[in-house]
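J.: Next comes the sequence, and after it the predicted model I'd like to discuss.
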Amino acid sequence: MSGQRPSHRPLTTIKMQDVVLFGFLFLFRFQALAAQPSSELKNLNLEQLGNIEVTTASKEPEEVWETPAAIFVLTNEDIRRSGATSIPEVLRLVPGVEVSRGVSSTWAIGIRGFGSSFSKSVLVLIDGRSVYTALFAGVYWDIQNVMLEDVDRIEVIRGPGGTIWGANAVNGVINIITKDAKDTHGGLVSAAAGNIDQGIGSARYGAGNSKFSYRVYGTGAGRAPEYHLNNLNYDDWQIGRAGFRSDWNVDSQDSLTLQGDIYKGEIGQRAAIATYQPPEQRDYPAAQDVSGGNLLGRWRRDLKDGSDLQVQTYFDRTYRRGPQLAEIRDTFDVDLIHHLANLAHQDIIWGLGARWSPSEVIQTFPTVDFIPHDKADNIYSIFAQDQIALVNRRLWVTVGTKFQHNVYTGWELQPSLRLLWRPSQHQSFWTAATRAVRTPSRIEEDLQLTQLISSNPLFFIRVADDGRVESESLISYEAGYRRLVSSRFYFDVSVFHNDYDDLVGFSPFVLSVENTPPPPHLLYSLSFANTVKGNTDGIEIAPDFKLNQWVQLRGSYSYLNLDLRNVPGSSDSATLSSYEGSSPHNEFTGQAMFNLPHSFEFDATLRYMSALPAQTVKGYTTMDARLGWRFTRNFDLSLVGQNLLAPRHAEFGSGVLIERAAYAKVTWSK
């Protein structure tokens, strides 16, 4: 939506510091009144949290203790009590995950470095369906408006997952898993409104029996622009989504899942576009029209001795039209997974996969194009992994590899070797060595983008891809230790060293004179190229302390060091500084959750992120707080404040500041 809008200011009649202070006095007053625990409080102890079964590491259920990877699980209760209104905001709670908001509708998300608005090298899944786009090897976070009340958990693997999930699962995998339909019987309606999140509404109804269950839902949101130093205020956005899920236990062996979604929205954007006649460079603040839908089916058969067979297929369609160009993409995907258990101390999983993803690009300006306009991203793969139990089932070694073929670089190999030692029931040590790759995307192979440098003399610069980009590769070395020290204290630490090769940057400039299109002009030409290599090192610490049934304290600290350099023959210093200066060296999160008498809750989250020099962002500290009250059996009320410690601050890029925000939410469920 074009045109200027009045800037949205936070509430000023009450100081936010006073609100925070009042909240703490309030909760400690209730702590003093506490005598008996409420029977309605949902208190999972730390042992139960450690026993949660996860599926992202191997595509088969396994306990966290038995997972030889840096995995972190956000439960539905974690999501609810965070006060977050979107998936990226929830991910701020995960150690090693860097989340920065660029404008109201965009986020830069990285895992163990390489934060960017494309979120490249991070594979994101919703119920096993990839939401990665082959246009730019990343994720459109602005359309992933999952109904948070229906999310069962979010499993985040920090580190490569290419052996199981294939190309682009380089730095991590984020798997958003929604609830089984049998767990969402009844009705739910929620509504929220505030100064930035101006309106969020969701409704869901589910029913069924022991064999067949279903749910249908709808959700929508409207968000105001953030604070713009130039008063353009282009980044408001509105999006709506509706969908269904059904789960059917056909018999004692077979189960079926069928689910689907459709969405439509308008996403505010500003695009810098050059024209030849007249020769000029203009900013176009305009809305992107987005729409799409998907349909997923999954069949599982349980075989004897714990083995099983799964087949999953889905269709996904996306449409996006902005001021620069439009893209229509259809994706067809099918996967077969065969799990063989209890084979002489071995646990084998193997599978086949194929994906066909044709796209059409519609050009709207002569200076922005993808050539050819029509292209299909085809992938097929085979993988196998064997987990071998040793030493009285206290020590496991896991070996595996994935062979995957893509249209850009042909066959890619992604092997892994993992070791897990579990000396006692509630502690485990693991280590791993893995290779992973990120294959090129259309933006690195087919983009033709021209920008104006100077009007006098007339001077343009053009990115003209030549199809010579190789896959980015990673050799990762990791180790971790997790332990339930006592019934109240859980501790998780992981360290890593990553060696990267063939990271994508830009080739040297080539100067020429171009007469067509007129008028004649000077031209700098360059293309994407593999110009950077190097390594990263880091540590991630995540303690969890349940003081008593009333108070739980959590925290995480992540340290990251990047040591990158240009490959011989390259002097691409701009890409080098962008990589090294777009991820924080230090990141800290502290969370306190209080279960209070009379069905009250108070939750506070403190966050610190160090500076991002390439994004002209200083280090900052901020805090979110939530006060919740279940005032009847069916109604919940919550008041949430976000970014409370300053009126506004920069997080990623320049010119837009993220504002202090507040909203109120009411939820009815039965």
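T.: Yep, that arrived.

J.: any idea how far the spatially closest residue to residue 113 that is not a sequence neighbour lies from residue 89?
T.: The shortest distance from residue 113 to any non-neighbouring residue, by CB to CB, 6 or more residues apart in numbering, is to residue 583 (4.4 Å). To be clear about C-beta, it is placed using only N, CA and C from the backbone, and glycine gets the same treatment. Distance of residue 583 to residue 89, computed by CB to CB, to the nearest Å: 19 Å.

J.: Check residue 567 too.
T.: Distance from residue 567 to residue 89, by CB to CB: 37 Å.

J.: just residue 423 next, same as before
T.: Residue 423 is 37 Å from residue 89, by CB to CB.

J.: Which one of the two is surrounded by more residues?
T.: Ranked by neighbour count (other CB atoms under 10 Å), residue 423 and residue 89 place residue 89 first, with 18 against 11.

J.: That one falls within a strand, correct?
T.: No: counting by DSSP: H, G, I helix; E, B strand; the rest coil, residue 89 is not part of a strand but helix.

J.: Give me the local confidence score for it.
T.: Note for residue 89: predicted pLDDT of 96.

J.: as a whole number, average confidence for stretch 122-140?
T.: Mean predicted lDDT for stretch 122-140 stands at 92.

J.: gap between that stretch and the chain center?
T.: Distance of stretch 122-140 from its chain centroid, counting by CA atoms, centre = their mean, to the nearest Å, is 9 Å.

J.: Which stretches in the stretch 401-550 of the chain count as strands?
T.: Taking DSSP state E, counting those that start in this stretch to define them, one finds strands in the stretch 401-550 of the chain at 410-424, 427-438, 447-455, 458-464, 472-486, 489-506, 510-514, 521-526, 528-546.

J.: Residue 455: neighbour count?
T.: So residue 455, with other CB under 10 Å, has 12 neighbours.

J.: by contact count, what packs against the helix or strand where residue 218 lies?
T.: In this structure, residue 218 is located in strand 212-223 according to DSSP states H and E. Judged by 3 or more CB pairs under 8 Å, 6 or more residues apart in numbering; DSSP states H and E, the packing partners of strand 212-223 are strand 197-208, strand 237-249.

J.: Of those strands, give the one that comes closest to residue 548.
T.: strand 197-208 (33.2 Å; CB to CB).

J.: Restricting to C-alpha, output that closest one in PDB.
T.: The C-alpha atoms that make up strand 197-208 are tabulated as PDB, following Å, rounded to 0.1, in the frame of the first residue of the first chain:
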ATOM      1  CA  ASP A 197      -0.400  -6.100  16.400                       C
ATOM      2  CA  GLN A 198      -3.700  -4.200  15.600                       C
ATOM      3  CA  GLY A 199      -5.800  -7.300  15.200                       C
ATOM      4  CA  ILE A 200      -5.300 -11.000  15.500                       C
ATOM      5  CA  GLY A 201      -8.200 -13.500  15.500                       C
ATOM      6  CA  SER A 202      -8.400 -17.300  15.400                       C
ATOM      7  CA  ALA A 203     -11.200 -19.800  15.500                       C
ATOM      8  CA  ARG A 204     -11.100 -23.600  15.500                       C
ATOM      9  CA  TYR A 205     -13.600 -26.500  15.900                       C
ATOM     10  CA  GLY A 206     -12.700 -30.200  16.200                       C
ATOM     11  CA  ALA A 207     -14.600 -33.400  16.800                       C
ATOM     12  CA  GLY A 208     -14.300 -37.100  16.400                       C
END
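
J.: now that strand, how far from the centre of its chain.
T.: In terms of CA atoms, centre = their mean, the centre of strand 197-208 is set 22 Å apart from its chain centre.

J.: what about residue 536, distance to residue 117?
T.: From residue 536 to residue 117 the distance is 20 Å (CB to CB).

J.: So for the two, which sits in the more crowded spot?
T.: Under the criterion of other CB under 10 Å, the comparison of residue 536 against residue 117 puts residue 536 first, with 23 against 19.

J.: and the more buried one, what are its bridge partners?
T.: Going by DSSP bridges, residue 536 is paired in beta bridges with residue 498, residue 562.

J.: what residues are up against it?
T.: Counting by CB atoms under 8 Å, 6 or more residues apart in numbering, residue 536 makes contact with 112-113, 496-498, 500, 560-563.

J.: at 7 Å instead, please
T.: By CB atoms under 7 Å, 6 or more residues apart in numbering, residue 536 lies in contact with 112-113, 498, 560-562.

J.: which one of the residues you listed has the most neighbours?
T.: residue 112 (30 neighbours).

J.: May I ask you to confirm that it is in contact with residue 559?
T.: No: in this structure residue 112 lies outside contact range of residue 559 using CB atoms under 7 Å: 10.6 Å.

J.: intersection of neighbour lists for these two?
T.: Common neighbours of residue 112 and residue 559, using CB under 7 Å, 6+ apart, are residue 538.

J.: where along the stretch 301-450 of the chain do the helices fall?
T.: Ranges of helices in the stretch 301-450 of the chain, per DSSP state H, counting those that start in this stretch, are 442-445.

J.: what's the closest of the contacts of residue 536 to residue 171?
T.: Nearest to residue 171 among those, with distances taken as CB to CB, is residue 112, at 5.2 Å.

J.: so who does the closest one touch?
T.: 96, 158, 171-172, 496, 498, 536, 538, 560.

J.: Among these, pick out the one closest to residue 337, please.
T.: residue 172 (21.1 Å).

J.: Show me what that closest one is bridged to.
T.: residue 122, residue 158.

J.: Next: residue 187.
T.: Beta-bridge partners, per DSSP bridges, of residue 187: residue 205.

J.: tell me the contacts of it?
T.: Neighbouring residues of residue 187 by CB under 7 Å, 6+ apart: 205, 669-670.

J.: Look up how far residue 102 lies from it.
T.: From residue 187 to residue 102 the distance is 37 Å (CB to CB).

J.: Please apply the same query to residue 377.
T.: 26 Å.

J.: The residue nearest to residue 305 when sequence neighbours are not counted: neighbouring residues, count only.
T.: Nearest non-adjacent residue to residue 305, counting by CB to CB, 6+ apart: residue 342, 4.7 Å away. When neighbours are counted by other CB under 10 Å, residue 342 registers 12.

J.: So for residue 342, what's the pLDDT?
T.: Model confidence at residue 342 (pLDDT) stands at 77.
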